[in-house]
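**Student:** build me a structure from this.
(chains A and B)
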Amino acid sequence: MFSPLDLSFNHDNTMKWTHTLIPTLKEDPNDAEVDSHKLMVRSGMIRRLSAGVYSYLPLGIKVLNKVNAIIREEMNAAGSVEILLPALQSLSIFELSGRISVFGNDLLCMTDRHGKEIALSPTHEEVITDLIKNELGSYKNMPLILYQIQTKFRDEARPRFGVLRSREFLMKDAYSFDVDADGLNTSYQTMYDTYCRILSRCQLDYIVVEADTGAMGGDVSHEFMVPNLNGEDVIAKCTKCDYAANLEKAVAADIEPEDEAITEERKEVSTPNICTIHEVSSFLGIEPRRMVKTLFYSYQKSHIAVLVRGDHEVNEAKLAKQLSQDTIELADEKTVTTLTNAPVGFAGPIGLNIHIIADRAVVNMKNCVVGGNKADTHLMNVNFERDFTVDQIADIRFAVEGDKCPKCNHLLSISRGIEIGHVFKLGTRYSKTLGAKYLNKTGKELPIVMGSYGIGINRIIAATIERSHDKDGIVWPMPLAPYEVLVVPVNIKDRSFMAVATKIYDDLCEEGVEVLLDDRDQRPGFKFKDADLIGIPIRITVGKSYKERGELEIKVRSSNEISFSSPVNIVPEVKTRIQSLQ
RNA sequence: CGGGGCGUAGCGCAGCUUGGUUUAGCGCGCCUGCCUUGGGAGCAGGAGGUCGGAGGUUCGAAUCCUCUCGCCCCGACCA
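**Tutor:** Numbering: from 1, shown residues only, chains lettered A, B, ... in the order given. Below is the predicted model:
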């Protein structure tokens, strides 16, 4: 045994299990739902402090640092420059950008001893803009891309899935500064390409989708998604071409007008207590797609009627954009009753005296069913233009399975994904509100044109595990693995085993290989289970084959491929394998 | 924020319905010894608990009631 002070055996890139803290668990933690969360806890990478707040243990920080290193290399290679901004911000800076209301309760605020309101930063657009407005006075200083790796704080309404949605998380955020839109386009493309390289080096499968800009503002935005059933984002992707978008943003190709004669007269039917689309549909024996859903939204004290097909859902983000509003909300029951002269459930477009906005699909429907604006009444054989008109036609719904691609008209598929990265063309949103201006060649004062680029580092790790694990544990891709090699002497009391194991450990260390030695006094089965759980890519076993033939066993975690090597050849052998797994 | 569920040893759980023979239990882990060494062994002994917290009902509360804190799930919300 070695005393805790005897660290002579530990080098920068090596570690003995008994000298570190890798508290593995045989059973799943009871508060974990998704595989990545369970495995991160079981493998001893993280422990929960409180909801959405996690400590990283040695194995966890090792992986975190691997991701950080890849990000730094690629960001630096792309010509961006690292900085570090404070996590503590004054609230007044958010007042200037007008984002206090945008973040709402997600913003973690507190009052300092002077009574000043301060916040833990959820993101850094304001801080960076405030910083550079004093430093980038001239076009000569641009283009410039600055980045940092920083902890962000968001008081999430509902943290979940372990590190996938937490209240405190690590983010690499970058900001570009250009003199004009062309410059921004170049910077944006550079970051876009850099993100592709970063994720490829992490060996993550990802797709890039068009995204809504949400709370960030700006116009163009892309998200980097890792396809996964547990993802919180929904993606619409063309089955043929490269079109892919977040469902918030996704557009479906216009639906063909129904080819049906308008002959029947409109007819009133009694639908006692039959309110929902589903109820009316089964009561009348008519598919939901033949019905029009009439909803009411409120904003700025005014109300509006919204029409979508019965089997479609209103996309409030699109609707708000159409109405040039930041927020809109579904009208309350009282409003609906007043506007329709009927209980909720019988609203229709005919005879309404307010602004009506219809989804594009609605105006192509023929002989449909609508509410009668009268209790217990619906109308059949209703037709756009003949029976009602609208004030505005727009795309205001979510795309659904069965919709066609807006680019090539082939089928769209709907799936889920984990948002790993998000890039935005901010334009002058922040430079204007915070006053970040520069002088151009002719001495004219102009707002700096900005972009913002974020990557969730914890999410890269969790998403990697989601994509790469089996029933026994994590299967680390070589670039992110906490150690490249695990050396397992099956019995530490066997002197010859330990002698060889420590020799290999030292030799690999000399060669710069990252290696962990399982020097615990445990039975082989126990160690193998842990080895599979923590998922080190290459396992070298000193055991049976060594005793019998003087050979070491090399096992590759990802392929389960087993090979043997003599002690003298082990180092080059292992290095070759590491190479091939990079 | 709405709905549901759960807090009992480091971890995973039983006990609660019907209050008292339970000195609060089981599995894993932990400590000591023996034994064992290629897929989470075995035997023996042992440590570890304000039953989340506060108040109440009662002769008596892990168990019943009230409040409170924490955690998880569904929804709403969300770079």
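**Student:** hmm, residue A:391 is touching residue A:357, no?
**Tutor:** Yes. With contact defined as CB atoms under 8 Å, residue A:391 counts as touching residue A:357 (6.6 Å). No exception for glycine: its C-beta is placed from N, CA and C like everyone else's.
**Student:** more neighbours: which of those two?
**Tutor:** Comparing residue A:391 with residue A:357 by neighbour count (other CB atoms under 10 Å), the higher total belongs to residue A:357, at 21 against 11.
**Student:** surely the more buried one touches residue A:299?
**Tutor:** No. Taking CB under 8 Å as the definition, residue A:357 is not a contact partner of residue A:299, at 12.0 Å.
**Student:** roughly how far does the closest residue to RNA strand B within the stretch 451-582 of chain A sit from residue A:532?
**Tutor:** For the stretch 451-582 of chain A, the residue positioned closest to RNA strand B under CB to the nearest atom of the strand is residue A:525, at a distance of 2.2 Å. Distance from residue A:525 to residue A:532, counting by CB to CB, to the nearest Å: 11 Å.
**Student:** who's more crowded, these two?
**Tutor:** A side-by-side neighbour count of residue A:525 and residue A:532, using other CB under 10 Å, places residue A:532 first with 20 against 9.
**Student:** so for that one, what's the pLDDT?
**Tutor:** Predicted confidence (pLDDT) at residue A:532: the value is 97.
**Student:** the one helix or strand it maps to packs against which elements?
**Tutor:** In the assignment (DSSP states H and E), residue A:532 maps to helix A:524-534. The elements that helix A:524-534 packs onto, with contact taken as 3 or more CB pairs under 8 Å, 6 or more residues apart in numbering; DSSP states H and E, are strand A:473-474, strand A:485-489.
**Student:** closest to residue A:167 out of these?
**Tutor:** Evaluated with CB to CB, these place strand A:473-474 nearest to residue A:167, the distance being 24.1 Å.
**Student:** can you tell me what sits against the closest one?
**Tutor:** A:39, A:42, A:43, A:465, A:468, A:532, A:533, A:534, A:535 (CB atoms under 8 Å, 6 or more residues apart in numbering).
**Student:** mean confidence for that strand?
**Tutor:** Model confidence over strand A:473-474 averages 96 on the pLDDT scale.
**Student:** okay, now the unreliable bits of the stretch 201-350 of chain A?
**Tutor:** Within the stretch 201-350 of chain A, the stretches falling below the threshold (pLDDT under 70) are A:215, A:217.
**Student:** oops, could you answer that again for chain A instead?
**Tutor:** For chain A, counting by pLDDT under 70, the residues that fall below are A:1-12, A:215, A:217.
**Student:** any residues in contact with both of residue A:357 and residue A:299?
**Tutor:** Shared contacts of residue A:357 and residue A:299, defined by CB under 8 Å, 6+ apart, comprise residue A:323.
**Student:** next, residue A:343: secondary structure please.
**Tutor:** Following DSSP: H, G, I helix; E, B strand; the rest coil, residue A:343 is assigned to coil.
**Student:** pull out the buried positions in the helix holding residue A:532.
**Tutor:** The neighbour-count check on helix A:524-534 (16 or more other CB atoms under 10 Å) flags A:527, A:528, A:530, A:531, A:532, A:533, A:534 as buried.
**Student:** now swap in stretch A:211-224 and tell me
**Tutor:** A:211, A:212, A:213, A:216, A:217, A:218, A:220, A:221, A:222, A:223, A:224.
**Student:** wait, doesn't residue A:68 sit right on residue A:147?
**Tutor:** No. At 11.5 Å, residue A:68 and residue A:147 do not qualify as touching, with contact defined as CB under 8 Å.
**Student:** what's the overlap in contacts for these two?
**Tutor:** If you check residue A:68 and residue A:147 against CB under 8 Å, 6+ apart, the residues they both contact are residue A:172.
**Student:** cheers, nothing more for now.
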